[in-house]
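Asks: just the structure for this:
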Amino acid sequence: MRSGVLGGVALVLATVLLAGCTGGAPEPVEETSPAADRSAPLTMPDWVDDELAELDARSMPVLGSAEGELPHADTTLTVDVLAVDRHDDGLDLTFRLTPDEEISSFLFSHELSDETLSSEISAVRLISGDEYVAPIRYRADPETWPNIKDLRCLCSKLPRKLGTDGIVLHASFPDFTDAVVDVAVAMPGFSPVAGIPVR
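Replies: Next comes the predicted model:
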């Protein structure tokens, strides 16, 4: 399930988002994955380099959905959660994002990211009770990416355009303190999608 290849946070937005999810602001789980100390080699998930990942995901059943509107997106978007998978390094989220009509993601991608000018979908959270986890962050290999000094999100990037067939996206998270059996998936602009089983 895993292959070894290759070796950010708007706090106000996350707090408001998560407070709206559970009636109180859940506490972040301390990241204890190998990526946390930034020195251990990072095992990258299959979806990073597997070109068939999106095709495989399109055969998955929808476990839960939510419609949302973002300030700079002139159409309604739908999130379909397809899977939350547990493995040795944490949790992998797979979901589909679909607009009602074709739009340029350049207009709104920053609203789904913890970084101001980023197309990474790093603002997604997994919630369980009074805890949440954010996507794993890692430092890019300086030999491969010498100009990248900041931490990267272990998550998908939005394409330049988003069509009505949608796009399958992924994010990898550290696991919760206690092994949970289901989670809620939360994103800015969308109601939380609760009761998603962890398999």
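Asks: quick one: residue 73 from residue 79, how far?
Replies: Distance, residue 73 to residue 79, by CB to CB, to the nearest Å: 13 Å. C-beta: built from backbone N, CA, C; applies to glycine.
Asks: for these two, indicate the residue with more neighbours.
Replies: residue 79 (24 against 21; other CB atoms under 10 Å).
Asks: who's in contact with that one?
Replies: 65-68, 95-97, 185, 187, 190, 193 (CB atoms under 8 Å, 6 or more residues apart in numbering).
Asks: list only those of the residues you listed flagged as buried.
Replies: 66, 68, 95-97, 185, 187, 190, 193 (16 or more other CB atoms under 10 Å).
Asks: among those, name the ones in helices.
Replies: Among the buried ones among the contacts of residue 79, the subset assigned to helices under DSSP state H is empty.
Asks: nearest to residue 162, out of these: which one, please.
Replies: residue 97 (7.0 Å; CB to CB).
Asks: wait, doesn't that closest one sit right on residue 163?
Replies: No: under the criterion of CB atoms under 8 Å, residue 97 makes no contact with residue 163, lying 10.9 Å away.
Asks: got the contacts of residue 79 as TSV, with distance to residue 177 columns?
Replies: Listed next are the contacts of residue 79 as TSV, based on distance: CB to CB, whole Å:
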residue	distance to residue 177
65	28
66	26
67	32
68	29
95	24
96	29
97	29
185	19
187	23
190	25
193	22
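Asks: so which of the residues you listed are in strands?
Replies: 65-68, 95-97, 185, 193 (DSSP state E).
Asks: how about those in a markdown table, adding distance to residue 152 and pLDDT?
Replies: Output for those, formatted as a markdown table (distance: CB to CB, whole Å; pLDDT from 0 to 100):
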| residue | distance to residue 152 | pLDDT |
| --- | --- | --- |
| 65 | 29 | 97 |
| 66 | 27 | 97 |
| 67 | 30 | 95 |
| 68 | 25 | 91 |
| 95 | 20 | 93 |
| 96 | 23 | 93 |
| 97 | 20 | 93 |
| 185 | 21 | 97 |
| 193 | 25 | 97 |
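Asks: can you put the residues you listed in TSV and add distance to residue 89?
Replies: Shown next, in TSV, are the ones in strands among the contacts of residue 79 (distance: CB to CB, whole Å):
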residue	distance to residue 89
65	27
66	27
67	32
68	29
95	19
96	23
97	24
185	19
193	23
